[in-house]
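Asker: Give me a model of this one.
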Amino acid sequence: MFIDTNVLVYARVLEAPDHRTARARLDWASHQSEPLRISRQVVREYLAVVTRPQHWPVTIAREAALADAKRMISAFEILEDGPLVTDTLIALCQEFAVAGKQIHDANIVATMLAHGERRILTFNRADFRRFTDRIELVDG
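Answerer: Okay, the predicted model is just below:
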């Protein structure tokens, strides 16, 4: 199961919306029989989000965020980017008329598909709804 950035951010930041739900979803996912997966894009997005001001009052210190990133890399299976992901991304963008910021979500889907992953745990269901004929949106 692929874990979206927002789940990791909300689980980490006490003041984030849905913090308790995110923690419960990650706990639930960790007890499933399938491996938990992320991509390096998720690591980059996590670092970008937790180290800049948000609508919650606390940012995470850069050193703590980097330690989190290292833990994620060792705790989750990393689905690597590459030529197949890029080809899949281009095909998705053509088929679904994806553009702008939507490219980031399409790249996550392309990464999943290139690695045979079909399930994603996310709070941003609307961002992935267009791809539900290819992937399953998971509620924890």
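Asker: what's the worst-scoring helix or strand of the chain on mean pLDDT in contact with?
Answerer: One helix or strand of the chain scores below all others by mean pLDDT, DSSP states H and E: helix 125-128, with a mean of 94. By CB atoms under 8 Å, 6 or more residues apart in numbering, the residues outside helix 125-128 that reach it are 102, 105, 108-109, 120, 122, 135, 137. In this view, the C-beta of every residue, glycine as well, is placed from N, C-alpha and C.
Asker: Equivalent analysis for stretch 93-100, please.
Answerer: For stretch 93-100, contacts defined as CB under 8 Å, 6+ apart pick out 92, 103, 105-106, 130-131.
Asker: Just the buried residues of that stretch, please?
Answerer: In terms of neighbour count (16 or more other CB atoms under 10 Å), stretch 93-100 has its buried residues at 93, 98.
Asker: for stretch 47-65, same thing?
Answerer: By 16+ other CB under 10 Å, the buried positions in stretch 47-65 come out as 47, 49-50, 60, 65.
Asker: Save the contacts of stretch 93-100 as a markdown table, and put in secondary structure too.
Answerer: Below are these laid out as a markdown table (DSSP: H, G, I helix; E, B strand; the rest coil):
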| residue | secondary structure |
| --- | --- |
| Leu92 | helix |
| Ile103 | helix |
| Asp105 | helix |
| Ala106 | helix |
| Arg130 | helix |
| Phe131 | helix |
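Asker: buried subset of those residues?
Answerer: Neighbour-count burial within the contacts of stretch 93-100 applies to 92, 105-106, 130-131; the criterion is 16+ other CB under 10 Å.
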